[in-house]
Every structure is written in C-alpha cells, then in structure tokens.
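Asks: what's the 3D shape of this:
(one chain, ligands or ions: 1)
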Amino acid sequence: MSHQSDLIASDILAYLKQHENKDLLRFITCGNVDDGKSTLIGRLLHDSKLIFEDHLAAIKKDSQKYNTTDDEFDLALLVDGLQAEREQGITIDVAYRYFSTDKRKFIIADCPGHEQYTRNMATGASTCDLAVILIDARYGVQTQTRRHSYIVSLLGIRHVLVAVNKMDLVDFSEARFNEIKAAYLEFAGALDIPDIRFVPISALKGDNVVNASAQTPWYDGGTLMALLESVKVDRDAQLNAFRLPVQYVNRPNLDFRGFCGTIAAGQIAPGDDVVALPSGKRSKVKAIVTFEGEQATAFASQAITLTLDDEIDISRGDLIVRAGDPQPSVAQAFDAHVVWMNESPLTVGKEYVIKLAGKSVFGRVSRIAHRVDVNTMAQTEAGQLGLNEIALVTVEVNAPVVFDPYAACRGTGSFIVIDRLTNATAGAGMITAAANRADGHSDDLDELARFRAFEVELNALVRKYFPHWGALEIPRGPR
Ligand SMILES: Nc1nc2c(ncn2[C@@H]2O[C@H](COP(=O)(O)OP(=O)(O)OP(=O)(O)O)[C@@H](O)[C@H]2O)c(=O)[nH]1
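Replies: A predicted model of the protein is given here:
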C-alpha cells in the first residue's frame, strides 16, 4: 500500500486537509501515436505508488493475456482502460485523470489526438499550465512534434517538458539526447514558450520518470516527476475583469430568476454594477448564490448563480460583465488562429456554427490571412485549410458576439467551429482581435441573423429531445 492509501485508512481528515492545501498543476501529454503516452502516465502512477494492488494484479494478468510486452507488464493497460480499445489497439477513452503526490495535485488531460486541443481551446477553465511533449529517441523531432508545440504555444501554455522517451532503444546515448535537444530548441526559438526543459526517459523501464536512472550519469536535471512537482506556474497574464458567460437561466418560480455559469475571469460581489452583453442593459448584483448558500464574493472558475436587482432580459449565451471593468468587444467579426481538425477542408465563405463562450451563431471564415507551415513557421497564402493545418483567419458571424482576445481571457477568447451537417467539431480557434466585416455591414442584429440564431437554438433542442431526427433546415428567403 502507498503512503497516501495508508493515510486514507488511518486518518481520512488529515488526508483531506493535506489535499486542500496543495496546489494544482494541469498538464497535457502530446506525442505521436506509439511514442508512449499511455506507458508514461502508467509509469508515473505506478512508481509514485498511486495504483492499488488489486488493479496491478489485473494489469499483470492482462499483459500476459494480450502479450503486449515481452517481460515487463504493460503499464499502458492501466491507462487505456477499456477492453474494446485494447482489442482494436486504439485509444478511445477521453478523460481527465486526477492524481496527487505529497507535493502537488495533478490533472492530466488525457485524450486522443485532437480531442485534447479542442477541449483545451473550447473551455478556458480546463486549459493546461504545462505540456509534456514526448519524442521517440529513435526518430527525434517530427512534424507532429512541431505541430503540437506550436498549438501548445498558441494555447498560451508557458511551460513545456520535452520527454525524450525510449532512451533504452538508443543505449541511453547522451549524444543522441543532445542532438534532439538542439533540433527542438532551434525550432522552438520561433515559438512563445519561455520555459522548456528536457528529460531523457524510458517510460517502459522506468528511467528518470519517478526514479533517477543509473543509465544516464550524464544527466542531472531531475526526473520528470520532480520537474512536474516543482515547476512554478505563473497564471498572472490573465485579465482581471469580471466575465460570466450565462450557461443557463434558472426560473423555478415567478419570484426567482438566476443566471448560472462558471466565472471565466475576475471577481464579483453583491452591489456591483453589471452590464449584460450584447444588449448593453445594466443592473446591480443582488446576490451570489452557490451550492453552499449565498456568498460575499465569487472568483474565476467558480460555478455560481447571480440574481440581479432589475428584471432585465438576459438569455443563455449572453455575457455578464462588471460595469467598471475593461469591457470586451461586441462585434460580428474577429481575427483568430484556427486549428483545423476535419477531413473536409475549411472553405472560405462556407457556413459553419461558431460556438463561443456558450453562444452558438452562424458564421464563416471570410478570409485566410496566412497559413503557417509548422516545419518552417513560414506564413503562406491559402484558399482553404486542410486537416491539421493552422492559419490566421477572419471570422464573420451573423449576430453580434461578445469576446476578449484569447491572450487576455481564455474562456471568452476561444471558440469552436462546428460543421452544420455532421455536427462534428471541425476546428478550434483563439481570437487575436476584433475585425471589420468585409461587406461593411453594421453590427445590428438583422432579421436573417435572428432567424438563424433561432434555427441554431431549435436544432439544439431537436438534438436533445429527438436525437434520432437529423438537423432541421428551415427554408428561408434570399440573403
Ligand atoms: N523500448 C521501449 N518501449 C516503449 C517505451 N515506452 C513505450 N514503449 C512501447 O511503445 C509502444 C506504444 O506505447 P503506448 O504507451 O501505447 O503509446 P501511446 O503514445 O500511448 O500510443 P496511443 O495510445 O496509440 O496514442 C508500446 O509497445 C510500449 O510498450 C520505452 O521507454 N521503451
């Protein structure tokens, strides 16, 4: 049994207290298929003694049954928990994994491929502090390594741990490690990542993951776990202005109307003057209601319900801000970096659903300013964007949306692009600034925009209550 499970058994209150006071590090692991993500996470948990014995016995049995590794038991089985995916050999589980050591709590965004970026871009609250980028020591820096690193920098992640894995397959060669480190640094110089560290590891054999390796006497930079436990995370770049995207309007009876959501930035207190956007209607906070009762203040990442002094009209997808704070943009066009994740290319002028801070509107990319070649970081012209490509674009939407630059506020500066017909998340984006509409249209909510907003809402209801129906296309007049 581990130290942690001893403590749980002997003194549960001491265990909980210890956890309350530890700070939290959220990280993602990035790598090519088979670079060893699952094995690494399994190794982190196993060597930190965070796995219970019965679970371990089951993995040993499975390793023999599926014959996944020769002698060692397969730690990837610990993470790739689903029977079906083992049999198909693919990772289908999408989950946040929680673990903690004596020093810190950790959340790993452990999702396959694109899913992790979509989630991180679409939900400011889940954005990670750090990325572990895995490189197979045999293959070195690949296009995928460069792409992941670029996306990590766009996500605003300031700390990167480059784990050069499978060092056992290159005889723990210092020269090979230094070669990969130099290649990575040369490319990463063009990216905005201030803190990059390198660790030579073998996730399979356990070298430098939790325990220091005898095979790398030339390395003294600390194990991966020691770095995860000690990296100092700065979260101060974010905007200090109140932002509450309204996720739900709670009206249990005529006397109560509460606006529910998770605070994306800043803080609020009863008596504060607030503005609802995009309408611009003003009121005052009457109370902050939470699960634990009324509160005197509330901060970023808390889920709250606000009640106001006046009966002003606020709906789902609106943003409540504090009157004295820096105001967000209210506009129908913005510039943004978009990462495309769909087999069918992003086409200029094609209509998509744009979902931003809980609000869905119709919109399109009106211009691709440039596409970025992730191998050279060169900016090239492009008429469309293929799978995995990244570009700076202008997005135009049919109704005013409220947003901040992503660098100021992740929750109100990121959006996803949804394909209208398949309903798949086709892309994810980070706003750089408000932009002008190409057609010189004013930002008034015109009739067509209202109509389309209605169509989006209607289809959301259809999906919820009649999932076997397809999307409804409502016939409409010419533009
Ligand atoms: N020799 C050696 N093999 C390793 C090491 N780490 C992982 N492997 C092996 O590499 C293969 C892929 O490992 P996984 O952990 O499943 O890789 P992954 O990146 O999670 O792959 P996906 O889940 O498919 O994305 C497995 O056969 C592992 O046993 C290592 O340090 N050394």
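Asks: which SS state does the residue nearest in space to the middle of the chain fall under?
Replies: In the chain, the residue lying closest to the centroid (Cα atoms, centre = their mean) is residue 120, at 0.8 Å. When classified by DSSP: H, G, I helix; E, B strand; the rest coil, residue 120 comes out as helix.
Asks: surely it is in contact with residue 127?
Replies: Yes: assessed by Cβ atoms under 8 Å, residue 120 is found in contact with residue 127 at 5.2 Å. To be clear about C-beta, it is placed using only N, CA and C from the backbone, and glycine gets the same treatment.
Asks: can you work out which residues contact both of the two?
Replies: residue 155 (Cβ atoms under 8 Å, 6 or more residues apart in numbering).
Asks: what helix or strand does the closest residue to residue 308 other than its chain neighbours sit in?
Replies: Nearest in space to residue 308, with sequence neighbours left out and distances taken as Cβ to Cβ, 6 or more residues apart in numbering, is residue 283 at 4.2 Å. Per DSSP states H and E: residue 283 is located in strand 281-290.
Asks: all strands of the stretch 201-350 of the chain, in order?
Replies: Taking DSSP state E, counting those that start in this stretch as the criterion, the stretch 201-350 of the chain carries its strands at 243-245, 248-253, 256-262, 267-268, 273-277, 281-290, 293-295, 298-299, 303-308, 319-322, 329-340, 346-347.
Asks: out of those, the one nearest residue 372 is which?
Replies: strand 329-340 (8.4 Å; Cβ to Cβ).
Asks: now that closest one - C-alpha only, PDB.
Replies: Taking C-alpha atoms only, strand 329-340 is exported to PDB below (Å, rounded to 0.1, in the frame of the first residue of the first chain):
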ATOM      1  CA  SER A 329     -15.600  43.600 -27.700                       C
ATOM      2  CA  VAL A 330     -19.100  43.300 -29.100                       C
ATOM      3  CA  ALA A 331     -18.800  42.700 -32.800                       C
ATOM      4  CA  GLN A 332     -19.700  40.500 -35.800                       C
ATOM      5  CA  ALA A 333     -16.100  39.900 -37.000                       C
ATOM      6  CA  PHE A 334     -12.800  38.900 -35.400                       C
ATOM      7  CA  ASP A 335      -9.300  37.700 -36.300                       C
ATOM      8  CA  ALA A 336      -8.200  34.400 -34.900                       C
ATOM      9  CA  HIS A 337      -5.800  31.500 -35.100                       C
ATOM     10  CA  VAL A 338      -7.700  28.400 -36.200                       C
ATOM     11  CA  VAL A 339      -6.500  24.800 -36.000                       C
ATOM     12  CA  TRP A 340      -8.500  22.700 -38.500                       C
END
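Asks: quick one: strands adjacent to it?
Replies: In the sheet, strand 329-340 lines up against strand 390-403 (antiparallel), strand 425-434 (antiparallel) (DSSP bridges).
Asks: export those strands to TSV and tack on mean neighbour count, mean pLDDT and distance to residue 217?
Replies: Shown next, in TSV, are the strands paired with strand 329-340 (neighbours: other Cβ atoms under 10 Å; pLDDT from 0 to 100; distance: least, Cβ to Cβ, whole Å):
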stretch	mean neighbour count	mean pLDDT	distance to residue 217
strand 390-403	23	95	40
strand 425-434	22	91	43
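Asks: and the residue in the stretch 301-450 of the chain that the ligand sits nearest to, how far from residue 140?
Replies: Using Cβ to the nearest ligand atom, residue 388 is the residue of the stretch 301-450 of the chain that sits closest to the ligand, at 15.6 Å. The gap separating residue 388 from residue 140 is 20 Å, by Cβ to Cβ, to the nearest Å.
Asks: now residue 293
Replies: In terms of Cβ to Cβ, residue 293 sits 56 Å off from residue 140.
Asks: tell me which of the two has more neighbours.
Replies: Using other Cβ atoms under 10 Å as the criterion, residue 293 and residue 140 rank with residue 140 on top: 15 against 8.
Asks: for the more buried one, which non-adjacent residue is closest in space?
Replies: residue 180 (5.0 Å).
Asks: quick one: low-confidence parts of this protein?
Replies: 1-9, 11-21, 49-96, 110-113, 122-126, 235-238, 437-457, 459, 470-479 (pLDDT under 70).
Asks: would you map the helices across it?
Replies: 3-10, 12-20, 37-47, 53-66, 76-79, 83-88, 115-122, 143-154, 174-188, 224-230, 410-413, 447-465 (DSSP state H).
Asks: hang on, the earlier thing: does the residue nearest to residue 140 touch residue 138 like I think?
Replies: No: applying Cβ under 8 Å as the test, residue 180 and residue 138 come out as separate, 10.2 Å apart.
Asks: can you pick out the residue with more neighbours from the two?
Replies: Higher neighbour count among residue 180 and residue 138: residue 180, with 22 against 11, using other Cβ under 10 Å.
Asks: was I right to think residue 390 contacts residue 370?
Replies: No: with contact defined as Cβ under 8 Å, residue 390 does not count as touching residue 370 (10.0 Å).
Asks: residues contacting the spatially closest residue to residue 436 that is not a sequence neighbour?
Replies: Counting by Cβ to Cβ, 6+ apart, residue 436 lies nearest to residue 333, which is 6.2 Å off, once chain neighbours are set aside. By Cβ under 8 Å, 6+ apart, the contact list for residue 333 reads 366, 394, 395, 396, 397, 434, 435, 436, 437, 438.
Asks: of all those, which comes closest to residue 149?
Replies: Checking the contacts of residue 333 one by one against residue 149 (Cβ to Cβ), the nearest turns out to be residue 395, at 24.6 Å.
Asks: how close does residue 24 get to the ligand?
Replies: Distance, residue 24 to the ligand, using Cβ to the nearest ligand atom, to the nearest Å: 24 Å.
Asks: beta partners for that residue?
Replies: Here residue 24, judged by DSSP bridges, has bridge partners residue 105.
Asks: count of neighbours near it?
Replies: Neighbour tally, residue 24, other Cβ under 10 Å: 13.
Asks: for residue 102, phi and psi?
Replies: Phi and psi for residue 102, reported as degrees, to the nearest 10, are phi -60, psi -30.
Asks: distance of residue 36 relative to the ligand?
Replies: 3 Å.
Asks: kind regards, and thank you for your time.
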